[in-house]
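Visitor: quick one, structure for this:
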Amino acid sequence: PVRPGPTIADHTTAIYAALGTMFALFHRQRTGEGQFVDVALLDSVFTLLENYPILFLLQGTEVQRAGNGRSLTAPSGAYLAKDGGYIYITAMADNLFKRMMNLSGHPDMAADPQYANPLSRKKNEQELHRVIGEWVGQRTVDEAMRELDAAGIPNGPVNSVGQITTDPQIKARDMVWEVEHPAIGKLPMIGNPIKLSQTPADTRMAPPMLGQHNEEVLMNFLKISKEELEQLKQEKII
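Guide: Numbering: from 1, shown residues only. Now for the predicted structure:
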């Protein structure tokens, strides 16, 4: 088993917490009654397991790890192109599988009974990966994408962080912002994925320096006096 790169549990739980807060605010708006919002890291990642828990509860089927593929059907995976990049291709549905086999020059496999449905294709996926891998390996990522797009087969490049950060679509969607930071100057930040027509998101400030808002928090919210604040500083409590 390998861990995912980013902290998926933290981010997903934060999103659920924000959504739950919105639900609670809407309820308060309608009824005047507040409520407690409870979210947990474990619960959040459990919801990302798709239908795997239901399969186990209904059938006792323990879905196994499938690497870059899918657990119950094929073909789906990342394939190495001749320029050293990878492209992810998903051709699991019957119609997509036929298109993929025709495109790769193997129409006979599209009609073969041993590849007739998702489960049988999963049993024979190594041969499918070999065939698709050979086809991709004769093309660059861009060349393979053009042919796959023309055939209506879902695909996409496996981007590095550098590639996705400078991707034209990311720029067009305003997903990288730049703010002025007091210590390092211009600081790039990830933009907001929620686009609102009437109240568009904006960045108000850079990430704060250590203790930058001590005075605001302690004096405005905790009602600590200026004299008490100075005393805390002298005693190196803050």
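
Visitor: list the contacts of residue 147.
Guide: Contacts here follow Cβ atoms under 8 Å, 6 or more residues apart in numbering; on that basis residue 147 touches 103, 139. In this view, the C-beta of every residue, glycine as well, is placed from N, C-alpha and C.

Visitor: give me the pLDDT for it.
Guide: pLDDT, residue 147: 98.

Visitor: tell me which element it falls in.
Guide: Secondary-structure assignment from DSSP states H and E places residue 147 in helix 141-151.

Visitor: average pLDDT for the next helix or strand after that helix?
Guide: Going down the chain from helix 141-151, the next helix or strand is strand 155-157, by DSSP H and E. The average pLDDT within strand 155-157 is 97.

Visitor: what pairs with strand 155-157, and is each one parallel or antiparallel?
Guide: Counting by DSSP bridges, the strands paired with strand 155-157 are strand 86-90 (antiparallel).

Visitor: now the strand it pairs with against helix 141-151, angle please.
Guide: 20 degrees (axes from the mean of the first three to the mean of the last three Cα atoms, to 10 degrees).

Visitor: what about the helix or strand just after strand 86-90, distance to the chain center?
Guide: Next helix or strand after strand 86-90 toward the C-terminus (DSSP H and E): helix 94-103. A distance of 27 Å separates the centroid of the chain from that of helix 94-103, by Cα atoms, centre = their mean, to the nearest Å.

Visitor: just checking, what packs against helix 94-103?
Guide: On a contact count with 3 or more Cβ pairs under 8 Å, 6 or more residues apart in numbering; DSSP states H and E, helix 94-103 meets helix 107-111, helix 125-137, helix 141-151.

Visitor: okay, the ones you listed in a markdown table with distance to residue 161 next?
Guide: Output for the helices and strands packed on helix 94-103, formatted as a markdown table (distance: least, Cβ to Cβ, whole Å):
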| stretch | distance to residue 161 |
| --- | --- |
| helix 107-111 | 36 |
| helix 125-137 | 22 |
| helix 141-151 | 17 |
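
Visitor: quick one: which of those is nearest residue 97?
Guide: If you check each of the helices and strands packed on helix 94-103 against residue 97 by Cβ to Cβ, helix 107-111 wins as the nearest, at 6.7 Å.

Visitor: and the contacts of the closest one?
Guide: 97-98, 101-102, 115, 128, 131.

Visitor: same question for stretch 46-65.
Guide: Contacts for stretch 46-65 (Cβ under 8 Å, 6+ apart): 1, 8, 12, 71-72.

Visitor: and stretch 134-141, by the same measure?
Guide: Here stretch 134-141 makes contact (Cβ under 8 Å, 6+ apart) with 79-83, 85-87, 89, 103-105, 144, 147, 157.

Visitor: go again using 10 Å as the cut-off
Guide: Defining contact as Cβ atoms under 10 Å, 6 or more residues apart in numbering, one finds that stretch 134-141 is touched by 78-87, 89, 100-101, 103-106, 143-148, 155-159.

Visitor: follow-up on the earlier one: which among the contacts of helix 107-111 end up buried?
Guide: 97-98, 101, 115, 128, 131 (16 or more other Cβ atoms under 10 Å).

Visitor: I'd like these as TSV, with pLDDT appended.
Guide: Formatted as TSV, the buried ones among the contacts of helix 107-111 follow (pLDDT from 0 to 100):
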residue	pLDDT
97	96
98	96
101	97
115	94
128	96
131	97
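
Visitor: okay, these in JSON lines with distance to residue 218 next?
Guide: Listed next are the buried ones among the contacts of helix 107-111 as JSON lines, based on distance: Cβ to Cβ, whole Å:
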{"residue": "97", "distance to residue 218": "64"}
{"residue": "98", "distance to residue 218": "67"}
{"residue": "101", "distance to residue 218": "68"}
{"residue": "115", "distance to residue 218": "68"}
{"residue": "128", "distance to residue 218": "63"}
{"residue": "131", "distance to residue 218": "66"}
